[in-house]
Structures are given as C-alpha cells and as structure tokens.
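Chemist: My questions concern the predicted model and sequence given below.
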Amino acid sequence: MRSVWMQKMAKKEMIKPLLGNESEIHHCDLQKIDVGILGTGDFARSLAARLACSGYGVIVGSRHPKRTAALFPTVNEVTSQREAIGKVNIIFVAVNHEHYSTLSDLKDVLTGKILVDVSNNMEINVYEESNAEHLASLFPECTIVKAFNVISAWALQFGARDGNKQVLICSDSQEAKCVVTEMARNMGFIPVDMGSLSTAKEIENLPLRLFPSWKTPVLLALGLFIGFYIYNFIISVIHPYVVKGQNKFYKIPIELVNVTLPCVAFVMLSLVYLPGVLAAIFQLRNGTKYKRFPRWLDQWLQQRKQLGLLSFFCATLHAIYSLSLPMRRSAHYKLLSEAFNQVKNERENAWVEEEVWRMEIYLFFGILGIGMLSLLAVTSLPSVAGSLNWREFSFIQSRFGSAALVISTLHTLTFGWSKAFDSAQYKFYLPPPFTIVLIVPCMVLVAKVYLFLPFVNRKLTRIRHGWEANRQVKFCEDGDSQFSNDHAENTSIV
Ligand code: NAP
C-alpha cells in the first residue's frame, strides 16, 4: 500500500518542473535560440528548466521519448535523439562519458553542430584524455565546448541564489565559446574563459577535488594537536601516576583537550604571520622585490587564510571547553574537597589577591583575543572582504591581526604567570606547554618589532615601491614560484 503511494508521489515529483513552477516558465517570453539536450537524467532536467526560464527553446533528445517526456515540463519538447539534433545547432550532451560511443549512430546529423560537453568523472585523472577531447575525437566534424560541468543539477535550479555561480568554459573555437558564454550569462551564471580545449582536463578535475588548499593546514593542525596532546598527557596524567600513584586518567576527554587546543590555536596564529616576516627578510636581504620567493614560502603565504581559520576554530573550541569545565562532576568534587579542607584547617577566607588578579587579566585577554580572531575570520569571508577596500582589508588582516597575536601572547603569559620559574612545573624535566608555545609567536613579534624600526621600515617600504639595491631588475630563473610583491607584507587570513 505504502509503496504504491510512494511510487505515485515519486511520479508526481518527477513531473514537477525542477525550477519554479510551470506557469513561471511559460511567462518567460524572452525567446532566444533553440538548443538541444541529449539525455533525460537529473542534469538534463535541471538544465532544460533553467534554459527554458532564461528564454531558450529546449528540445530534448531521448532514446525513449515517450517514456521520458513526462519528466519535463510541457514547455520543453521531448523527442528522439535524431529529431532533436536535426532541429538545433547547439546540443548539450548530458550523457555520461561511458556512453558517448553509443551516440556514434548519430554522426551524420551531428556534423557541423556545437556540442557542449557537461560531463564529469568519478575520479581525478581516471582517463588519459579529457572527456571533452574524447568527444572531439569521436565527432571530429563537430565543434566541442566544455562547460557547465562545475555546476551541479542543484545549482542549475537555484544557481542565481545559491551554490557556485562560475561556469568555466573552454573550446578551440572562439565563436562557439562566445555562444556558450552568452548562454551562461543569460542563465544567471558567471562565465569564465579557460582557453582552449586542452584545459578541459583541469576543468573536469575541479569538481572532484576535496579542499585542496586545506590539506597542508589541516594536516599541520592535526600534527600539532597530536604532538601537544601526547606532551600534555605525559605531564598531566603519566607523571602523577608514576611519581605519586594518582589516577588522573579522567582528564583525557576534556581537560587534556582543553589545554591542547589553545596550544594549537596559538601556534597556528603565529604561523599566519611568520611567512610575512620571512618574506620581508627575503626582500631586505635581496634588496629587491623582483626576486622570486622560494616555492615553499609562496605556498605558505597562500595558505594563511586556512591557517588563520583553523586557529580561530581551535580557539573557539577552547572557549567552549573552558566554559564547560565547572559543569563536570570532577570539578564539583574538587570544590567540595577544597571547601572541606578549608573548614578543617579553620581557614575563613580562601581569597588570594594575586590569583584573583591573574585570573581576571587572563580571562580579559582571552575574551578579547577570541573577539579579535572572530573579526579576522568574518572579514576573511569573500562577501565581507568584497565590501572592504584594499586598505581596510589590509588594515584588519595585518595590523589588527598582529594585535590579536599580541593579545593571545599576553593571554598565555598571564596563564603562565610565575609558573615558568617554578621547578615543580617541570615534570620529567619537561618545560610546561605554555612556555613551548610561546617560542614561535615571540619570534614573530620580535621580528615584527625589528621590521618596524624606522631605518628597517624605510628600506623595506622603498623596496616594496620598486627600489633596488643594485638598481637593476633581476629575474631569477628559480622554479615556477611567483614574484614577490607588496602583498607579502599583509598577513591576510584571506
Ligand atoms: P544520468 O541521470 O545517468 O542521465 C544520463 C542520461 O543519458 C540518461 O537519462 C539517458 O537518457 C542518457 N543516455 C544516452 N545514451 C545512454 C546510454 N547508452 N546509456 C545510458 N544512458 C544514456 O546522469 P546525469 O546525472 O543527468 O548526468 C549527465 C551528465 O552530466 C554526466 O556526464 C555528468 O557527469 C554530467 N554532470 C552531472 C551533474 C549532476 O549534478 N548530476 C553535474 C555536473 C555534470 P535517455 O534514456 O532519455 O536517452
């Protein structure tokens, strides 16, 4: 009973046009040219609906037109593949790459037509040649354009409001590319000319990439987390167990994570600003901004946004973990024991003035630091960054970001207070973690102060305005890294 009902519902849903309602499509009377679509799958349906909404006449070519016609709104004509191709000059091939060869019977009618290859693969570089080039080799009498593969069926339906808007286009025919570019624009997308058909492989690999720019920063954050976690585990759990026989294993899920997260956040934040300092030192040493940075530095500079956002993520988690600390049963028991001991020792007042001040200042810097990091993260969003001019953006990311690093350093220093000079803090002769995490940020801050000295700053500013120590522009042959530029100074999270 239920399955019959579900089948009916599914059929009803399939008949519904994917974009808006049918009357909406009828009302678009911007009649442009007729285009064809081969295939009646998810992509073809979304594409047909969007094309119709953009004023194009759509003729769908199917192997089984009678069966599939109901999947499309009546405004779209659904017919046989051969008939559809015969009526149009531009045809979207919404068929999977594996089935291209089954279209070879249509070679005669396809001659001279523009074929738009929208296909993607399941894996990166699965075939030697791109799908578009494969289509071109099967139909040499046709003009092939690669386009729309980076747009999902979902984005085709909601593209103007939601999802990716860029349509990457490439072809060996400039005219065919222009036609498809115009169509993409009319459909509410942003066409991007990627050049000749040889770039099709690159375009086909794009939708398959999984956060390529995040790989190194995420691995680094994970590595730091594991390293600091083990270090804290040795100091806070293993040491009391070995030396005093105390069971502190309950610290594993919350307390250890909470002391590890700020270590990662702090080091990651300093790594956002370190490459900018190194770039400045390179420029000072070379006496020019026209010499290429080493490749590793170029890549590091490009990943500052990811490093900064991961730092913000860890800092936010640290704040949430810290707020939840008093909720734990272990905290309740500790508090009760302390109160009991106080009563037993007849101590009326537990107030320690120095501790009170340390905690107040520590929290003050912590709250301020996370607030500043939030602002840096928000301004790294493309929509927010787009509303700022370069000077505003650079001010927030560079000056404000450095201030956030100073505040975070003060937060760590007030946490440590005088503990760094207390030998009891050095468990197994290991320095407390907060002293270790201070190394990189302090190096960055000292270097920034040095670069800010008037005679150094003046020289750096001149170099960044094109001055050269030996007055000759030198082009270094070194690898394929980019030229250094003024933006190296800006430790942007974007
Ligand atoms: P699909 O649902 O599997 O539809 C493929 C269509 O190809 C079928 O409906 C079929 O229509 C037609 N076809 C023609 N010859 C065929 C054959 N020999 N065997 C099987 N089917 C044949 O695929 P899709 O999701 O719509 O994707 C279509 C193309 O768009 C693919 O190349 C895909 O990589 C690309 N694409 C899809 C998306 C997406 O979000 N789905 C996004 C970007 C790109 P008839 O039976 O009516 O002929």
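Modeler: Structure's in. What do you need?
Chemist: Next, give phi and psi for the residue of the stretch 1-150 of the chain found nearest the ligand.
Modeler: Residue nearest to the ligand within the stretch 1-150 of the chain (CB to the nearest ligand atom): G41, separated by 2.0 Å. All C-beta spots, glycine's among them, are computed from the backbone N, C-alpha and C. Main-chain torsions, G41, degrees, to the nearest 10: phi -80, psi -170.
Chemist: What are the neighbouring residues in contact with the closest residue to it other than its chain neighbours?
Modeler: Closest residue to G41 in three dimensions, ignoring its sequence neighbours and counting by CB to CB, 6 or more residues apart in numbering: A94, at 6.3 Å. With contacts taken as CB atoms under 8 Å, 6 or more residues apart in numbering, A94 has the following neighbours: 37-39, 41, 43-44, 47, 118.
Chemist: One more: I252?
Modeler: I252 sits next to 233, 237 when contact means CB under 8 Å, 6+ apart.
Chemist: Distance of it relative to the ligand?
Modeler: Distance of I252 to the ligand, given as CB to the nearest ligand atom, to the nearest Å: 43 Å.
Chemist: same question, L381
Modeler: Computed as CB to the nearest ligand atom, the L381 to the ligand distance reads 26 Å.
Chemist: try L363
Modeler: Computed with CB to the nearest ligand atom, the distance linking L363 and the ligand is 49 Å.
Chemist: Just after the strand or helix carrying that residue, pick out the following helix or strand.
Modeler: Using DSSP states H and E, the element containing L363 is helix 353-379. Once helix 353-379 ends, the next helix or strand along the chain (criterion: DSSP H and E) is helix 382-386.
Chemist: So for that following helix, mean pLDDT?
Modeler: Along helix 382-386, the predicted confidence averages to a pLDDT of 88.
Chemist: Flag every buried residue along the helix or strand following that helix.
Modeler: Elements were assigned by DSSP H and E; along the chain past helix 382-386, the next helix or strand is helix 390-394. By 16 or more other CB atoms under 10 Å, the buried positions in helix 390-394 come out as 393-394.
Chemist: and if you look at stretch 282-294?
Modeler: Applying a neighbour-count criterion of 16+ other CB under 10 Å, the buried positions in stretch 282-294 are 282-284, 286-293.
Chemist: gap between the two ends of that stretch?
Modeler: Start to finish, the residues bounding stretch 282-294 are 9 Å apart (CA to CA, to the nearest Å).
Chemist: So which of the buried residues of stretch 282-294 are in helices?
Modeler: Applying DSSP state H to the buried residues of stretch 282-294, the entries found in helices are 282-284, 286.
Chemist: CSV for those residues, including pLDDT and distance to the ligand?
Modeler: Converted to CSV, those look like this (pLDDT from 0 to 100; distance: CB to the nearest ligand atom, whole Å):
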residue, pLDDT, distance to the ligand
F282, 96, 43
Q283, 96, 44
L284, 96, 49
N286, 94, 46
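Chemist: Would you format those residues as CSV with distance to P431 included?
Modeler: Converted to CSV, these look like this (distance: CB to CB, whole Å):
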residue, distance to P431
F282, 31
Q283, 34
L284, 32
N286, 36
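Chemist: on that earlier part again, most neighbours out of the contacts of A94, which is it?
Modeler: Neighbour counts for those were taken using other CB atoms under 10 Å; the highest belongs to I37, which has 30 neighbours.
Chemist: so it sits right up against A48, yeah?
Modeler: Yes. At 5.7 Å, I37 counts as touching A48 under the criterion of CB atoms under 8 Å.
Chemist: can you list residues touching both of those two?
Modeler: Contact criterion CB under 8 Å, 6+ apart; residues bridging I37 and A48 by contacting each: 58, 60.
Chemist: count of residues packed around the residue nearest to F249 when sequence neighbours are not counted?
Modeler: Computed as CB to CB, 6+ apart, the closest residue to F249 that is not its neighbour in sequence is V237, at 6.0 Å. As a burial measure, the neighbour count of V237 was computed by other CB under 10 Å and equals 19.
Chemist: V352 now?
Modeler: Neighbour count of V352, defined by other CB under 10 Å: 10.
Chemist: Return the distance of it relative to P253.
Modeler: In this view, V352 and P253 are 29 Å apart by CB to CB, to the nearest Å.
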